[in-house]
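Asker: the sequence isn't on hand, but the structure is:
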């Protein structure tokens, strides 16, 4: 999920959990003061933004970022520690200069809840989140939601605007949580339908099934890339599980229609084949590159890896690169995360292909 949506979701949690302030002079002073609503909203926003501070790993190197993104800052195991740290810092900030204010205990629940909502917002995507870091680097992902989901963000934004108009009521924020759960449920239905379509195609074509999956796509909860893996190759198609006729879009149509148009009805799906290692003279080279130690990070990172290209030049240098079907999105200008190795006699150099340009990467 994008950082803006995470921040808004944290504000939403803050509004839901914000309590009413005790009137001045009413009864004995509580041990822990109740923060005003705006502080709870800010606390939720800050906490829900915090996990994406792992972008600083990119200042070290690109590979450090890819290995560490959605890692320890997204860990359920470390969530209580991050919650304590953020709650304490927020309380100290609002108490600076001797100002009266709530202590860290007043913010701890909302901060931990906002952190949890951030992690949950990433889990519903397919990029993968290391919720068990640092004990495990396994990436978990439910794959129901595209990385940028405008209706999802819109529900949160509308509820926050309604909360600003009806400041004394938590109903808009609470209703938004219910709507968001329902929206993800709709997306999960679309995913199940796409996997069923992949299963039916494999059965009709006599394809042995090793893995069935579906990757979420933009513009509709029913736009998917359905995937069948037979152990050697991936069969995939860009489909809309509820469409009965192709959607036609021109350059003058809105961007949502243009993004959605490539996804065809299941009955009219155009299935493609991606070879994991190729089927020609470059197959042995592709397998060698895939197994190379310098390529271990991509073996760990990729979910649906297929061979992108194999090259040999006059100097004797050989190159092979792979892409991940997770990121094959129709209409996208440039496909990301295409990595490979070039070398002579096993002396490999890692590169990323950006369009027609090969960009070398330092693996240190």
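Answerer: Yep, it's here. All figures in this text were calculated on a predicted structure; none of them were measured in a lab.
Asker: shaky segments in this protein?
Answerer: 19-33, 97-98, 100, 345, 363-364 (pLDDT under 70).
Asker: and the longest helix anywhere in it, how far from the chain's centre?
Answerer: Secondary structure of the chain per DSSP state H: the longest helix is helix 171-205. Relative to the chain's own centre, helix 171-205 is displaced by 16 Å; criterion: Cα atoms, centre = their mean, to the nearest Å.
Asker: the helix or strand following it to helix 171-205, inter-axis angle?
Answerer: Where DSSP states H and E defines the elements, the next helix or strand beyond helix 171-205 is strand 211-216. Angle of strand 211-216 versus helix 171-205, following axes from the mean of the first three to the mean of the last three Cα atoms, to 10 degrees, is 140 degrees.
Asker: can you list contacts of strand 211-216?
Answerer: For strand 211-216, the surrounding residues in contact (Cβ atoms under 8 Å, 6 or more residues apart in numbering) are 125-126, 143-146, 187, 191, 194-195, 198-199, 202, 223-229, 303-304, 325-326. Backbone N, C-alpha and C define where each C-beta goes, glycine included.
Asker: give me the buried subset of those.
Answerer: The neighbour count (16 or more other Cβ atoms under 10 Å) marks 125-126, 143-146, 187, 191, 194-195, 198, 202, 223-229, 303-304, 325-326 as buried among these.
Asker: those residues in strands, which ones?
Answerer: The strands, defined by DSSP state E, take in 223, 224, 225, 226, 227, 228, 229 from the buried ones among the contacts of strand 211-216.
Asker: show me how the record splits this structure into domains.
Answerer: The record's domain split for the chain, according to automatic domain parsing, is 3-142, 194-275, 283-361.
Asker: how far does the second one stretch from one end to the other?
Answerer: Using Cα to Cα, to the nearest Å, the end-to-end distance of domain 194-275 comes to 21 Å.
Asker: repeat for the first one
Answerer: With Cα to Cα as the measure, the ends of domain 3-142 fall 19 Å from one another.
Asker: what comes into contact with the helix or strand hosting residue 290?
Answerer: Residue 290 is part of helix 283-291 when elements are defined by DSSP H and E. With contact meaning Cβ under 8 Å, 6+ apart, helix 283-291 is reached by 277-278, 295, 299, 305, 307, 310, 318, 320, 322, 340-341, 348.
Asker: distance to residue 269 added to these, as CSV?
Answerer: Formatted as CSV, the contacts of helix 283-291 follow (distance: Cβ to Cβ, whole Å):
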residue, distance to residue 269
277, 25
278, 24
295, 32
299, 29
305, 22
307, 23
310, 28
318, 36
320, 29
322, 24
340, 29
341, 34
348, 38
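Asker: which of those sits closest to residue 130?
Answerer: residue 299 (16.0 Å; Cβ to Cβ).
Asker: mind checking the SS state of the closest one?
Answerer: helix (DSSP: H, G, I helix; E, B strand; the rest coil).
Asker: quick check: it vs residue 359, distance?
Answerer: Residue 299 sits 20 Å away from residue 359, going by Cβ to Cβ, to the nearest Å.
Asker: can you check residue 88 too?
Answerer: Distance from residue 88 to residue 359, by Cβ to Cβ: 42 Å.
Asker: which one of those two is surrounded by more residues?
Answerer: residue 88 (16 against 11; other Cβ atoms under 10 Å).
Asker: as a check, name the ranges of all helices in the chain.
Answerer: According to DSSP H, the helices that the chain contains are 3-17, 37-49, 62-68, 79-94, 105-123, 150-165, 171-205, 255-260, 283-291, 296-301.
Asker: which strands and helices sit next to the third one?
Answerer: It refers to helix 62-68. Counting by 3 or more Cβ pairs under 8 Å, 6 or more residues apart in numbering; DSSP states H and E, the packing neighbours recorded for helix 62-68 are helix 296-301.
Asker: how far does the helix it packs on sit from its chain's centre?
Answerer: 17 Å.
Asker: so what does it touch, helix or strand wise?
Answerer: Using 3+ Cβ pairs under 8 Å, 6+ apart, helix 296-301 sits against helix 62-68.
Asker: ok, and what's touching the helix it packs on?
Answerer: 54, 55, 57, 58, 137, 297, 301, 350, 352, 361, 363.
Asker: I'd say the third one and residue 73 touch.
Answerer: No. Look at residue 57 against residue 73 with Cβ atoms under 8 Å: they stay out of range, at 9.7 Å.
Asker: more crowded one of those two?
Answerer: More crowded of residue 57 and residue 73, by other Cβ under 10 Å: residue 73, with 22 against 18.
Asker: what is the burial count for the closest residue to the more buried one other than its chain neighbours?
Answerer: Once flanking residues are discounted, residue 73 sits nearest to residue 51: 4.2 Å by Cβ to Cβ, 6 or more residues apart in numbering. Neighbour count of residue 51, defined by other Cβ under 10 Å: 25.
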